[in-house]
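In: Give me a model of this one.
(one chain, ligands or ions: 1)
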Amino acid sequence: MNEELWTELPIFCPECHIMHSVKVKYNDLIKYMNTPSANVVSSFPYLNKDDCEMIISGICNNCWNWLFSNEDITKAEKKS
Ligand SMILES: [Zn+2]
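Out: Predicted coordinates:
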């Protein structure tokens, strides 16, 4: 049996209050949780940047975009 077991890592976004999930290999998740200094990007090299950000910050991609676009608006308003 050499089959890789995948699991859904649940992530509750504090901004939109929606439960999201990221699919990771079960063994990688166990290793990551047992290693305090583990780095998300190197622990799950198959995840894209957005999924990694979601694991690190808990904030989903939609809210990231929303937060960043809001920040741009604030900066633009200060300039004028
Ligand atoms: Zn969100």
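In: Just the element for residue 64, please.
Out: In this structure, residue 64 sits in helix 61-79 according to DSSP states H and E.
In: So which bits of this structure are right by the ion?
Out: Residues of the chain lying close to the ion (Cβ under 5 Å from the ion) are 13, 15, 16, 60, 63. To be clear about C-beta, it is placed using only N, CA and C from the backbone, and glycine gets the same treatment.
In: if we go to 6 Å?
Out: The chain comes close to the ion at residues 13, 15, 16, 18, 59, 60, 62, 63, as judged by Cβ under 6 Å from the ion.
In: Pull out the buried members of those residues.
Out: 13, 59, 60, 63 (16 or more other Cβ atoms under 10 Å).
In: so what's the first one up against?
Out: In this case it means residue 13. 19, 20, 54, 58, 59, 60, 63 (Cβ atoms under 8 Å, 6 or more residues apart in numbering).
In: try 6 Å
Out: Each residue near residue 13 by Cβ atoms under 6 Å, 6 or more residues apart in numbering is listed here: 20, 59, 60, 63.
In: And the second one, by the same measure?
Out: Neighbouring residues of residue 59 by Cβ under 6 Å, 6+ apart: 13, 15.
In: what's the distance between it and residue 52?
Out: 12 Å (Cβ to Cβ, to the nearest Å).
In: Now for residue 22, how many residues are close by?
Out: Neighbours of residue 22 under the rule other Cβ atoms under 10 Å: 20.
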